[in-house]
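1. A predicted structure for the sequence below; I have some questions about it.
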2 protein chains.
Amino acid sequence: MPIDKSRWKLKVRLWVELHGRKLLGPGRVELLGHIHRRGSISAAAKKMNMSYRRAWSLVRDMNEVAGEPLVQVAAGGAKGGGASLTTGGKEALEFYQRIVDRLGRAAAEGSDY
Amino acid sequence: MPIDKSRWKLKVRLWVELHGRKLLGPGRVELLGHIHRRGSISAAAKKMNMSYRRAWSLVRDMNEVAGEPLVQVAAGGAKGGGASLTTGGKEALEFYQRIVDRLGRAAAEGSDY
């Protein structure tokens, strides 16, 4: 009798590396999404129950690893001004989500027997 | 100018949960593969630079979570006797590897633009 896989839950995690450094992962992408929707790093951090310091550090790291800013901060200053995704940041976000969607579909198809 | 994604490396991790507990992940599947090829938990553990205790604990956990043995140990005793995959264990291993292959292909297709 084959092993019963009907209740097995497949979990997939995607991350993106560049030059051996982490560029994007689930947490970073969630952060980008919140920054995009809320227009602020501190609001995004709050939404994720993350310290502002941590969120800012992730943003700085992403910008650095990407070799170009993914998030830009308005002139008002880091905490005061708003933040938004650059064109590259929006592309990175869409790219990641598209791959995650494909992976989800591939996992679902692959488990269907 | 679109962001340069040509050097982005996609990394995918798959794991399988059952009843909210981890059943399979990259390390567990690697362990199953070594047990299958070497016919021994201790040889598999050695290959992975893992303690025998740790390997045995993973095997016990997999067997428990799966609800049926994935690895069976020969009557000679845990450390003395050989170990092999049950039919269910072989199926679990193949299942996981098949999904990983599909995910790899899906990720590669998805990043191709």
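-> Now that the structure is in, tell me what you want to look at.
2. Residue numbers of chain A in contact with chain B?
-> A:2-5, A:7-19, A:23, A:66-68, A:87-88, A:91-92, A:95, A:98-99, A:102-103, A:105-107, A:109-111 (C-beta under 8 Å from any C-beta of the partner chain). In this view, the C-beta of every residue, glycine as well, is placed from N, C-alpha and C.
3. For ChimeraX, write a command that selects the buried ones of those residues.
-> Here is the ChimeraX command that selects the buried residues among the residues of chain A next to chain B (16 or more other C-beta atoms under 10 Å in any protein chain shown):
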select /A:3,5,8,10,12,14,15,16,17,18,23,66,88,92,95,99,102,103,106,107,110,111
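4. gap between the most centrally placed residue in chain A and B:Val29?
-> Among the residues of chain A, the one closest to the centroid is A:Val29, at 0.8 Å (C-alpha atoms, centre = their mean). A:Val29 sits 26 Å away from B:Val29 when distances are taken as C-beta to C-beta, to the nearest Å.
5. before we move on, what about A:Gln72?
-> From A:Gln72 to B:Val29 the distance is 42 Å (C-beta to C-beta).
6. likewise A:Pro2?
-> 18 Å.
7. again with A:His34
-> 34 Å.
8. Burial check on the closest residue to A:Val29 other than its chain neighbours, number of neighbours?
-> Spatially, and ignoring its direct neighbours in sequence, A:Val29 is nearest to A:Tyr96 (4.9 Å; C-beta to C-beta, 6 or more residues apart in numbering or on different chains). A:Tyr96 is flanked by 24 other residues according to other C-beta atoms under 10 Å in any protein chain shown.
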